[in-house]
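Novice: what's the 3D shape of this:
(chains A and B)
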Amino acid sequence: DTGVSQNPRHKITKRGQNVTFRCDPISEHNRLYWYRQTLGQGPEFLTYFQNEAQLEKSRLLSDRFSAERPKGSFSTLEIQRTEQGDSAMYLCASSLALRTGGNEQFFGPGTRLTVL
Amino acid sequence: AQTVTQSQPEMSVQEAETVTLSCTYDTSESDYYLFWYKQPPSRQMILVIRQEAYKQQNATENRFSVNFQKAAKSFSLKISDSQLGDAAMYFCAYPTGTASKLTFGTGTRLQVTL
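Specialist: Model prediction:
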């Protein structure tokens, strides 16, 4: 399988619990992105890795959110003390850094989080 | 800040007909890219077409083409010979910064009817 995969696909949790999502990018891609998509909206950028380095974080990424990409391979996104407002689809995308701006980002199927 | 605006929340087209989805954007850059992404129901987002701003010629990919008006900051997507499989959310997107992070519009839901 050469696409971007994400696990789990669905997560239901109670407010205040911690959750962790995983993204496996396309193997040769050195860039990895996390986006959040709420109902009726386009995805919004959360954070970006080049290899193992987290180079940019959105102001949307509060202190309760943390992301890692150990060894520049898979990535995890953890949300601590979840709130109902965290309910959304969390999308992962990967790309190659071949040329500025024009590289296609390949998206995973997303993890849909529901916080009760 | 860069913004992307899609003013058509929903569009409908009959099979085999042509439909145009609108997108406007705001940028101060002179060279940039623009993308149209398709998000089918419960399936992952895929790139439909990309346009590089310095290229005068409008991009074309099979039944999909764009009308890029740089001065007007307009980037519309035309789908010819619409098929049932074209039914999806369509997002216009603009990459920014060294990260090339994407700024998306709010999307247009396209319905294709028989």
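Novice: which residues touch B:Thr3?
Specialist: B:25-26, B:103 (CB atoms under 8 Å, 6 or more residues apart in numbering or on different chains). Where C-beta positions appear, they are placed from N, C-alpha and C, glycine not excepted.
Novice: For those residues, which single residue is the most surrounded?
Specialist: B:Thr103 (21 neighbours; other CB atoms under 10 Å in any protein chain shown).
Novice: Relative to chain B, how far out is A:Glu28?
Specialist: Distance, A:Glu28 to chain B, using CB to the nearest CB, to the nearest Å: 17 Å.
Novice: is it true that that residue lies in a helix?
Specialist: No. Under DSSP: H, G, I helix; E, B strand; the rest coil, A:Glu28 sits outside any helix and is assigned coil.
Novice: can you pull the contacts of the nearest residue to it once chain neighbours are set aside?
Specialist: Counting by CB to CB, 6 or more residues apart in numbering or on different chains, A:Leu96 is the residue found nearest to A:Glu28 once chain neighbours are left out, at 7.0 Å. Shown in contact with A:Leu96 (CB under 8 Å, 6+ apart): A:28-31, A:103.
Novice: and if you look at B:Arg50?
Specialist: Counted by CB under 8 Å, 6+ apart, B:Arg50 has contacts A:102, A:104, B:33-36, B:59.
Novice: ok, how many other residues are close to B:Ser65?
Specialist: 18.
Novice: so it touches B:Val48, yeah?
Specialist: No. Counting by CB atoms under 8 Å, B:Ser65 stays clear of B:Val48, with 10.3 Å between them.
Novice: re the thing from before, in a markdown table: the contacts of A:Leu96, plus pLDDT.
Specialist: As requested, those are arranged in a markdown table below (pLDDT from 0 to 100):
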| residue | pLDDT |
| --- | --- |
| A:Glu28 | 89 |
| A:His29 | 92 |
| A:Asn30 | 92 |
| A:Arg31 | 94 |
| A:Asn103 | 82 |
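Novice: From these, pick the one nearest chain B.
Specialist: Of all those, A:Asn103 has the smallest distance to chain B: 6.3 Å, by CB to the nearest CB.
Novice: and the gap between the nearest residue to that closest one once chain neighbours are set aside and B:Thr18?
Specialist: Closest residue in space to A:Asn103, ignoring its immediate chain neighbours: A:Ser95 at 4.5 Å, by CB to CB, 6+ apart. Computed as CB to CB, to the nearest Å, the A:Ser95 to B:Thr18 distance reads 31 Å.
Novice: Who has more neighbours out of the two?
Specialist: It is A:Ser95, of A:Ser95 and B:Thr18, that has more neighbours when counted by other CB under 10 Å, with 21 against 13.
Novice: Can you list the residue ranges for strands in chain A?
Specialist: Here chain A has its strands, by DSSP state E, at A:5-7, A:10-13, A:19-24, A:31-37, A:44-50, A:53-57, A:65-68, A:75-79, A:88-95, A:106-107, A:111-115.
Novice: Between those strands, which one is closest to B:Thr5.
Specialist: Proximity to B:Thr5 (CB to CB) singles out strand A:44-50 among those, at 15.1 Å.
Novice: What ranges does chain B have for its strands?
Specialist: In chain B, the strands defined using DSSP E lie at B:3-5, B:10-14, B:19-21, B:24-26, B:33-39, B:46-52, B:60-61, B:64-69, B:74-79, B:88-96, B:101-104, B:108-113.
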